[in-house]
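**Q** Show me the folded form of this:
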Amino acid sequence: MENKIRSNADTFRQIIKKSLNIELAYDLEGVRWLDEYIDRQRETLTDDEKAKLPNPLGSYLGESIRRTYGGTWTQHPEFGWGVRVNDRITVFPFNKVEKHLANAEGDSILGMFTSIAPLLRNHSSSSSSKSKYIPKRPWWKFW
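**A** Okay, here's the model as predicted:
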């Protein structure tokens, strides 16, 4: 399945290059472009069109995450396919694309992509410190 996801991501990049003459790399700038693309298209797409986009867009997003931060594709029984960046961080790009297509900027794929680096820094600094305290609440709860 990972090969199919990678193939979908490459096909998406080829379509964008051919139709819009934009060369997308698997990096922050490519994800930034995709985030803006989703924002521009969200209001004009039909529900049927939105239902077809998570697969190619999520494949590209996931490959960008995997190639930027490392990790492997993995399947979770409840959340589907995701990228396991390390033992504590797994992201689900298909789900995130679906949410971004349905909602306003509060579900931005760019926000998820850029949040990974600080999480990796926190993980590496906390694992090397003498204190092995790991909070019991999810990272996104601030209270």
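
**Q** alpha carbons only for contacts and neighbour counts from here, please
**A** Will do.

**Q** ok, now how distant is the residue nearest in space to the middle of the chain from Arg13?
**A** The chain has Pro93 as the residue nearest its centroid, 3.8 Å off, counting by CA atoms, centre = their mean. The gap separating Pro93 from Arg13 is 16 Å, by CA to CA, to the nearest Å.

**Q** what does Asp87 give?
**A** For Asp87, the distance to Arg13 - CA to CA - is 29 Å.

**Q** Touching, Gly30 and Leu24? I think so.
**A** Yes: shown here, Gly30 and Leu24 form a contact pair, counting by CA atoms under 8 Å, at 5.1 Å.

**Q** Now do Ser127, the pLDDT please.
**A** For Ser127, the pLDDT comes out at 49.

**Q** quick one: low-confidence parts of the protein?
**A** 104-105, 123-143 (pLDDT under 70).

**Q** For Glu29, the count of nearby residues, please.
**A** Look at Glu29: counted by other CA atoms under 10 Å, it has 13 neighbours.

**Q** Just give me the neighbour total for the nearest residue to Lys17 once chain neighbours are set aside.
**A** Nearest residue to Lys17 in three dimensions, chain neighbours excluded: Glu23, at 5.4 Å (CA to CA, 6 or more residues apart in numbering). With neighbours defined by other CA under 10 Å, the count for Glu23 comes to 12.

**Q** doesn't Arg13 make contact with Glu23?
**A** Yes: between Glu23 and Arg13 there is a contact under CA under 8 Å: 7.2 Å.

**Q** in terms of contact, does Gly70 touch Ile89 like I think?
**A** No: assessed by CA under 8 Å, Gly70 is found out of contact with Ile89, at 11.0 Å.

**Q** Can you name the residues that contact Asn122?
**A** Listed by CA atoms under 8 Å, 6 or more residues apart in numbering, Asn122 has no contact partners.

**Q** Using CSV, write out every CA atom in the helix or strand containing it.
**A** Using DSSP states H and E, Asn122 sits in helix 109-128. This file holds the C-alpha atoms of helix 109-128, laid out as CSV (Å, rounded to 0.1, in the frame of the first residue of the first chain):
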residue,chain,number,x,y,z
ILE,A,109,-2.6,21.1,6.9
LEU,A,110,0.2,23.7,7.0
GLY,A,111,-0.4,24.1,10.8
MET,A,112,-0.1,20.3,11.3
PHE,A,113,3.0,20.1,9.1
THR,A,114,4.8,23.0,10.9
SER,A,115,3.9,21.6,14.3
ILE,A,116,5.9,18.5,13.8
ALA,A,117,9.4,20.1,14.1
PRO,A,118,8.8,21.6,17.6
LEU,A,119,7.3,18.3,18.7
LEU,A,120,10.4,16.5,17.5
ARG,A,121,12.7,19.0,19.3
ASN,A,122,10.7,18.6,22.5
HIS,A,123,10.9,14.9,22.3
SER,A,124,14.6,14.8,21.7
SER,A,125,15.4,17.3,24.5
SER,A,126,13.0,15.6,27.0
SER,A,127,14.4,12.1,26.2
SER,A,128,18.0,13.3,26.8
